[in-house]
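In: Give the three-dimensional model of this entry:
(chains A and B)
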Protein chains: 2
Amino acid sequence: MHIFDSDTALAEKESRIFDGTVSGNWLVNGNPNGGYLMAIAARAMLLHADRRSTPIVTANYIARSAPGPVQVRVEEISRSKQFNRFEARMFQDGKETIRALGTFADEKIDCRVERYETRAPGMPPVEDCVRVPALPKFTLLDNLDMRLDPACAGWMQGKLADRSEQRGWIRFTQERPFDLPGIFLAADALPPAVFVSQGIAAWVPTIELTVNIRNLPQTEWLRCALRTRFITCGLLEADGEVWDGEGNLIAISRQIAQFRTAG
Amino acid sequence: MHIFDSDTALAEKESRIFDGTVSGNWLVNGNPNGGYLMAIAARAMLLHADRRSTPIVTANYIARSAPGPVQVRVEEISRSKQFNRFEARMFQDGKETIRALGTFADEKIDCRVERYETRAPGMPPVEDCVRVPALPKFTLLDNLDMRLDPACAGWMQGKLADRSEQRGWIRFTQERPFDLPGIFLAADALPPAVFVSQGIAAWVPTIELTVNIRNLPQTEWLRCALRTRFITCGLLEADGEVWDGEGNLIAISRQIAQFRTAG
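Out: Numbering: from 1, shown residues only, chains lettered A, B, ... in the order given. As a prediction, this is how the structure comes out:
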């Protein structure tokens, strides 16, 4: 079994109450990645969904998560001809850590209009990009192979830029296609966009993350971009796009995070 | 009392259970505007919040709302040094119509870094813009004075454009400053961005709307923009910005909506 599948596995203990484990394999600076946690919540909702297409999941990160046991409680909010909606709540040590809302659409919804007004973010081919090196408290980087556009990678050497944007390619280190849970992980995997302009002294804990998946990818590598435009009053947004290598839009995301600096 | 205040007024019946009324004064094609409904939910959360700054509210529109009595039930999810978080649920005739998550920040949060990487959307002065005329089932337009940038207003005469973007000025028809509830209304008030490229045959019921307010406006008129980039599989996103007339960012929004056409 792929490490991502075992690390998001759930056992249904009672109806709609799942036991799982937050693994230490997807850490960013010692904390479980928010997209990885969303993948666990989404997997629990998908286990009860009778529609599974183009999910919209919004997670509120209420309290710190840590590697260890997790319980996921799923409530079905509504079921219509087109949508199945859920709320999922994650608990560790009896404390609620995440509350998420999820909407899953019917596979048969009309797709007559397919319209992109912007294209996939431009970036050099994988082999010309810069691999983000693994670090002790960043186990995510052992399990995702991430190659940044050199134009956005200066922050790794302390060279800052004016535009808070990350662009890069992502695949699983151990080969695995990106299915729905995997896309939630990928949507939140790039380093914070503000690192590019503000350096790694910035600390950006996520308050809320929304991911809307539009298509399943046709390629192993995903092309990802993340952009912050407004830092005000201790908050910022980070708007993400995930594309496949053939120019299909896979997902869009937005997170609102705190902006803190060590200074 | 201003019509918007009476139309969002709530009476606390039991602890955290509020009675209110969905008014017929904020209709769009016969349906209560989503931002207006969010304002009611946000007002209920604000009545219990001990922090009130820079709200992030995400509402899921589960079932059709209609003018008439509404009950709002508020749950406090968490209260930390920095944030107060709530869930608000709206019910009409015993049926849940909206479920919303709200995060409210402490007023004293560090604002040392204030950084805009893009400026307010360009548009002509108010007097050179095109007033959106009131129509029988669009009572919102009686109560909000909305002036569209002529470059985006061709759809009102059936002249379509390539770029799905609305830009325009908004104020209350009857003078009133935009406070937090008012900003939720303004963030969802522009006509759908896809009208500009697809015409008014498009129908875009909101699935989920997120609004993050960053500042209170210093001017009566707000400068608003709304942009759709991707229509795929019956879904689209609409990303909004609200600015004041002095170039302060007031709010950002994202909604995911269905995309349907009459054809």
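In: Could you use CA atoms for every contact and neighbour count after this?
Out: Fine.
In: and A:Ala44, what is it in contact with?
Out: By CA atoms under 8 Å, 6 or more residues apart in numbering or on different chains, the residues touching A:Ala44 are A:10, A:18, A:72, A:74, A:88.
In: Let me see the contact set for the residue nearest to A:Cys111 when sequence neighbours are not counted.
Out: In space, and not counting its chain neighbours, A:Cys111 is closest to B:Cys233: 4.2 Å by CA to CA, 6 or more residues apart in numbering or on different chains. Shown in contact with B:Cys233 (CA under 8 Å, 6+ apart): A:54, A:109-114, A:214.
In: Which element, helix or strand, includes A:Leu37?
Out: Using DSSP states H and E, A:Leu37 falls within helix A:34-46.
In: Show me the helices in chain A, by range?
Out: In chain A, the helices defined using DSSP state H lie at A:3-6, A:34-46, A:140-143, A:180-187, A:194-198.
In: Dump these to TSV, plus mean pLDDT.
Out: Converted to TSV, these look like this (pLDDT from 0 to 100):
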stretch	mean pLDDT
helix A:3-6	98
helix A:34-46	98
helix A:140-143	98
helix A:180-187	98
helix A:194-198	95
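In: Which among those helices is found nearest to B:Met38?
Out: helix A:34-46 (24.6 Å; CA to CA).
In: what distance separates the closest one from the middle of the whole chain?
Out: Relative to its chain's centre, helix A:34-46 lies at 9 Å (CA atoms, centre = their mean, to the nearest Å).
In: got the residues of the stretch 51-200 of chain A near chain B?
Out: Residues of the stretch 51-200 of chain A that fall close to chain B, judged by CA under 8 Å from any CA of the partner chain: A:54, A:60, A:62, A:78, A:101, A:109-118, A:163-164.
In: Quick check on the residues you listed: which are buried?
Out: The neighbour-count criterion (16 or more other CA atoms under 10 Å in any protein chain shown) marks A:54, A:60, A:62, A:101, A:109, A:163-164 among these as buried.
In: from these, which is closest to B:Ala153?
Out: After measuring those against B:Ala153 - CA to CA - the closest member comes out as A:Ile109, at 30.1 Å.
In: surely the closest one meets B:Leu235?
Out: No: in this structure, A:Ile109 is not within contact of B:Leu235 by CA atoms under 8 Å, at 9.3 Å.
In: For A:His2, give me its contacts.
Out: With CA under 8 Å, 6+ apart, A:His2 has these contacts: A:174, A:176.
In: Let's see the pLDDT reported for it.
Out: Here, the pLDDT recorded for A:His2 equals 98.
In: Give me the phi and psi for it.
Out: Backbone torsions of A:His2, given as degrees, to the nearest 10, read phi -70, psi 150.
In: what's the lowest-mean-pLDDT helix or strand in chain A packed up against?
Out: Least confident helix or strand of chain A, by mean pLDDT, DSSP states H and E, is strand A:202-203 with a mean of 80. Applying 3 or more CA pairs under 8 Å, 6 or more residues apart in numbering or on different chains; DSSP states H and E, one finds that strand A:202-203 makes contact with strand A:260-261.
In: ok and the residue in the stretch 51-200 of chain A nearest chain B?
Out: Here the stretch 51-200 of chain A gets closest to chain B at one residue, A:Cys111, 4.2 Å apart by CA to the nearest CA.
In: re the thing from before, show only the entries of the residues of the stretch 51-200 of chain A next to chain B found in strands.
Out: A:54, A:60, A:78, A:101, A:115-116 (DSSP state E).
In: TSV for those residues, including pLDDT?
Out: Putting those into TSV (pLDDT from 0 to 100) gives the following:
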residue	pLDDT
A:Thr54	96
A:Asn60	98
A:Ser78	97
A:Leu101	98
A:Arg115	95
A:Tyr116	97
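In: so which of the contacts of B:Cys233 would you say is closest to B:Arg227?
Out: B:Arg227 lies nearest to A:Glu114 out of the contacts of B:Cys233, by CA to CA, at 16.2 Å.
In: Against A:Gly234, how distant is the closest one?
Out: According to CA to CA, to the nearest Å, A:Glu114 and A:Gly234 sit 38 Å apart.
In: if I look at A:Ser253, how far off is A:Phe4?
Out: For A:Ser253 relative to A:Phe4 (CA to CA), the value is 21 Å.
In: What of A:Lys137?
Out: From A:Lys137 to A:Phe4 the distance is 18 Å (CA to CA).
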